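> Here is a sequence together with a model predicted from it:
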Amino acid sequence: MVALLTSLRSTFYGLLASTGLYALFIGLLTIPVLQDQVIYLNRVTLTWFQDVNIPEQWGFLRNQVSPFFLKTPDGESLHAWHILPLGLYQQHQTALTDEPHGLASDIKERISFKLLRDDPSSLLVLYFHGAAGTLGSGWRPPSYRAMSAGAPYRIHTLAIDYRGFGASSGSPSEEGLLTDAITLAEWAMKEAGIPPSRIVIFAQSLGTAVSLSLIHHMATRPEPVLFSGVVLVAPFADVESLTATYRIAGTIPLLDPVARFPRLLCWLNTFIKTKWPSKSKLADFIRRCEDMDQGFSGYDITMIHAEDDYNIPWSHSEQLFWHAVNASMPRGITFEDLEEEKIASRVNNNAGGWAVERRTSRGVIREEIMKYGLHDRIMSYPVVSLAVMRAFHTLR
C-alpha cells in the first residue's frame, strides 16, 4: 500500500512539474522575440559544417550554382544562389568550369547571369524556402533540380536565405522578409531584365506566406505587377490557425493541448505579433485580379499538399483554396458548398492523390493533394515540376 501511494505521489508530482513547465513554455511564447524564434527557427541552420558558398557539396556541377549577395533597401545582405538548368549548363560547360569558383563578387560578370539576362526565351523561378535551415538544407537542393525539370534549357532558379538565415545578415520579421522578397523580385526584373510574364514564384511552408505577401504587394502597386504563376507547397492559412496544428520539427505539438480549449487558444493568439495572414492576402489578391482591366495577364495559383504532412496539415490548403475561390465569385460560396462541388469535379489519381481546378475569365486556382510526400520531400516530386512548367504559360 505504501509503495502504491509513493508511486501515485511521484506520478502526481511528475504531472504537476510537466504542467508547470508547459505553462512556462506557453508564457515564454508571449514574448515577441521568442515567438519569432519558434516561427522562423533561423538559428537552426542544419548546414553547420558546410560552406554554402560551395554548392558542389550538394551534388551540383562545378559553377552550376553561383552564390552571391543582394543588398536590400534597408541595408541587409541576402545570400543567394543562381542555379542553372542542367541542359543549359551542358551547352556551356567548358566556359562555366573555366570561371572562378565560389562566391561571386559581381554576379553580373558571371556567364550564368548573362545566360539568364541575354536569352529572350529564358524563364525564372523565384524560390522562397520554409522555416529553419539555409538554402542548402534538407530537400531544398533536390527541389532546385525539380524546378527546371520541365524545361532543362530554359528554367533558371534564384533562391535566397532571408535576413537572419544562413549567411544573410539581420534578424527575421514579417516586414523584413517581405522586403527581402521584394528585393529579389526587383533584382530579377530590373537587373536581370526578366519581365514578370517570364517569372514563376515557388514557395514552401513559411515561404508560402512570404510569397503571398509578395504577390499581394506587387498587385497593389499603382502599376500592378502580376507574375506568370505561383506554386505553393504545404501552405498555411495564417499563424493563428497554424498554432493549433503546428508541430515543431514535425514532432512537438506547439499548442495542441491548449487547442482543446478554444477560448484559451483565442486569448493566447492575441499575444501573437507575427500574423502572416495568407488567406486574407490571397483572397484580396484574387479580388483585385478579378477587377483588373482585361489588359492584364491572368493569375495562376497552384496549391500542393501531402496528406501525410505532419508539420502542417493539408486542411490548411483546403482553407486557402476556399478563400481563393470564394474571392473569385461575385456572390461567394460557402466552404461546405465548395466541398460538394470539389467531390463532384475533382480528378482522382488513386494512390497519387487528387486534384481540382477552378477557372474564371481572369485566372485559375488549383488544389493538388498528394497521398504521400510529407512536408519537405514533396518539393522534389514530379507534381512540383509539372506545376512549375504549367505556371509558365509559354510551356503549356
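On my side now, so go ahead.
> just so I have it, where are all the helices in the stretch 201-350 of the chain?
All helices of the stretch 201-350 of the chain, identified by DSSP state H, counting those that start in this stretch, fall at 206-219, 239-243, 256-259, 262-269, 278-291, 315-328, 335-345.
> winner for burial among the ones you listed?
Comparing the helices of the stretch 201-350 of the chain by mean neighbour count (mean count of other CB atoms under 10 Å), helix 206-219 ranks first with a mean of 25. C-beta coordinates here come from the backbone N, C-alpha and C atoms, glycine included.
> Against residue 84, how distant is the residue lying closest to residue 57 once chain neighbours are set aside?
Spatially, and ignoring its direct neighbours in sequence, residue 57 is nearest to residue 50 (5.3 Å; CB to CB, 6 or more residues apart in numbering). For residue 50, the distance to residue 84 (CB to CB, to the nearest Å) stands at 20 Å.
> ok, the two, which is more surrounded?
Neighbour count, other CB atoms under 10 Å: between residue 50 and residue 84, residue 84 has more, with 29 against 15.
> my guess is the more buried one meets residue 64, correct?
Yes: using CB atoms under 8 Å, residue 84 and residue 64 qualify as a contacting pair, with a distance of 5.2 Å.
> about what we covered before: for the helices of the stretch 201-350 of the chain, which one sits closest to residue 168?
Closest to residue 168 of the helices of the stretch 201-350 of the chain, according to CB to CB: helix 206-219, at 13.5 Å.
> Would you mind giving the helices of the stretch 201-350 of the chain as CSV with mean pLDDT and distance to residue 129 added?
Output for the helices of the stretch 201-350 of the chain, formatted as CSV (pLDDT from 0 to 100; distance: least, CB to CB, whole Å):
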stretch, mean pLDDT, distance to residue 129
helix 206-219, 98, 5
helix 239-243, 81, 17
helix 256-259, 62, 25
helix 262-269, 65, 26
helix 278-291, 97, 16
helix 315-328, 98, 18
helix 335-345, 96, 29
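> Switch those helices over to JSON lines; also include distance to residue 141.
Below are the helices of the stretch 201-350 of the chain laid out as JSON lines (distance: least, CB to CB, whole Å):
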{"stretch": "helix 206-219", "distance to residue 141": "15"}
{"stretch": "helix 239-243", "distance to residue 141": "26"}
{"stretch": "helix 256-259", "distance to residue 141": "32"}
{"stretch": "helix 262-269", "distance to residue 141": "35"}
{"stretch": "helix 278-291", "distance to residue 141": "26"}
{"stretch": "helix 315-328", "distance to residue 141": "25"}
{"stretch": "helix 335-345", "distance to residue 141": "34"}
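> Relative to residue 378, which of those is closest?
Distance to residue 378, taken as CB to CB, is lowest for helix 315-328 among those, at 11.8 Å.
> Can you list the helices and strands that that closest one packs against?
Judged by 3 or more CB pairs under 8 Å, 6 or more residues apart in numbering; DSSP states H and E, helix 315-328 is in contact with helix 239-243, helix 278-291, strand 299-306, helix 335-345, strand 354-359, strand 363-370.
> Return the distance of that helix from the chain's centre.
Put simply, helix 315-328 sits 17 Å off its chain's centre (CA atoms, centre = their mean, to the nearest Å).
> which residues touch it?
With contacts defined as CB atoms under 8 Å, 6 or more residues apart in numbering, helix 315-328 is touched by 232, 234-237, 241-242, 245, 278-280, 282-284, 286-287, 290, 301, 303-305, 332-333, 335, 338, 356, 358, 360, 362-363, 365, 367, 369.
> make it 7 Å
Helix 315-328 has contacts (CB atoms under 7 Å, 6 or more residues apart in numbering) with 235-237, 241, 278-279, 282-283, 286-287, 290, 301, 303, 305, 332-333, 335, 338, 358, 360, 365, 367, 369.
> can you check stretch 112-123 too?
With CB under 7 Å, 6+ apart as the criterion, stretch 112-123 contacts 66, 82, 84, 88, 92, 107, 124, 151, 154-156, 192-194, 198, 392.
> any low-confidence regions in this structure?
Scanning the chain for pLDDT under 70 picks out the ranges 1-35, 244-271.
> how does it divide up, domain by domain?
As given by automatic domain parsing, the domain ranges for the chain are 2-30, 38-395.
> Pick the most buried one from the ones you listed.
Most buried of these, by mean neighbour count (mean count of other CB under 10 Å): domain 38-395, with a mean of 19.
> if we can go back for a sec, and of the helices of the stretch 201-350 of the chain, who's closest to residue 188?
helix 206-219 (11.5 Å).
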